[in-house]
Each structure stands twice: as C-alpha cells, then as structure tokens.
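> Got a predicted structure plus its sequence, pasted below:
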Amino acid sequence: MMAVSFGSMTQSVLDRFTWTERKDYVCIVETKEQAIGLCSRVMDLYYTGLTDLKIYEDSKVPVFWARKHPEKKNKAIVIYCIAYKGEYDVVFKEIKDKETYFFTFDDYDGTSYELYYRKP
C-alpha cells in the first residue's frame with residue numbers, strides 16, 4: 001500500500017507532472033506501486049468511479065489506459081506508466097479521438113508489443 005498524502009487532490013496530482021516537448025505530461029516515480037497509484041489518481045480526475053483499470057504486474061508497461069474525453073467531443077485521454085532506467089515514467093495526454101500509435105516495446109518476456117489508442 002502506498003502512503004502518499006494529497007491535499008487538494010486535483011491540484012496536487014497535476015502539480016507533480018511536467019509538460020514536455022512531446023505535448024504530454026510526465027511524472028517520474030521510484031516504484032511500480034507509485035506509478036500505478038498515480039495513474040489511478042489521474043484517471044479518477046477525468047472519470048470518477050471507474051473501476052476498469054487493468055494492471056499488468058509482470059510488464060514494463062503495467063498500465064495503459066485510454067478513453068474518450070468526458071467533456072471534449074473529438075478528444076481522448078491516454079494514461080500509462082513505463083519502466084525506464086530503474087524508475088517509472090507516468091504519462092498522460094489528450095489526443096485526437098482517432099487511432100493513434102504510441103510506441104513499441106520489448107517486454108520482460110522478450111515479446112514485442114505495439115501500443116495504440118483505438119477509437120471505440
């Protein structure tokens with residue numbers, strides 16, 4: 001269980017992220033548990049009460065979650081975390097609501113995966 005304290009949840013969660021030249025928000029955390037918890041908090045900012053966050057414990061990308069934006073008609077929200085250099089990058093971004101390729105990675109078991117947002 002992660003012991004992280006948030007004052008104003010929305011502001012505290014978003015304040016941890018940095019805007020990048022790739023036009024996404026990134027926060028670097030030390031552990032997989034912190035990364036998963038942060039993904040869950042960001043998801044909850046947009047979709048309060050959803051319970052469909054799938055966690056892939058044995059993967060370099062334990063969370064990859066995408067949904068249509070709840071307020072913007074032609075947008076989607078993507079949230080994921082990825083193991084990188086002994087830490088975890090937690091990323092979230094708004095994208096156009098169309099099929100979008102993100103990246104390919106080789107997982108711990110040697111299998112290559114391509115991550116996409118597929119429009120529902």
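Structure's in. What do you need?
> Which helix runs longest in this structure?
helix 32-46 (DSSP state H).
> What's the first helix or strand after it?
With elements assigned by DSSP states H and E, the helix or strand that comes after helix 32-46 is strand 63-68.
> Okay, now the unreliable bits of this protein?
Within the chain, the stretches with pLDDT under 70 are 1-12, 48-50.
> Using the three-state scheme, assign the residue in the chain sticking out farthest from the centre.
Within the chain, Gly110 marks the point farthest from the mean C-alpha position, 22.4 Å out by CA atoms, centre = their mean. Each residue gets one of three states, and Gly110 gets coil by DSSP: H, G, I helix; E, B strand; the rest coil.
> State the distance from it to Lys60.
To Lys60, Gly110 is 11 Å away according to CB to CB, to the nearest Å. Where you see a C-beta, it was placed from the backbone N, CA and C, and this is true even at glycine.
> Lys96 too?
Taking CB to CB as the criterion, Lys96 is separated from Lys60 by 26 Å.
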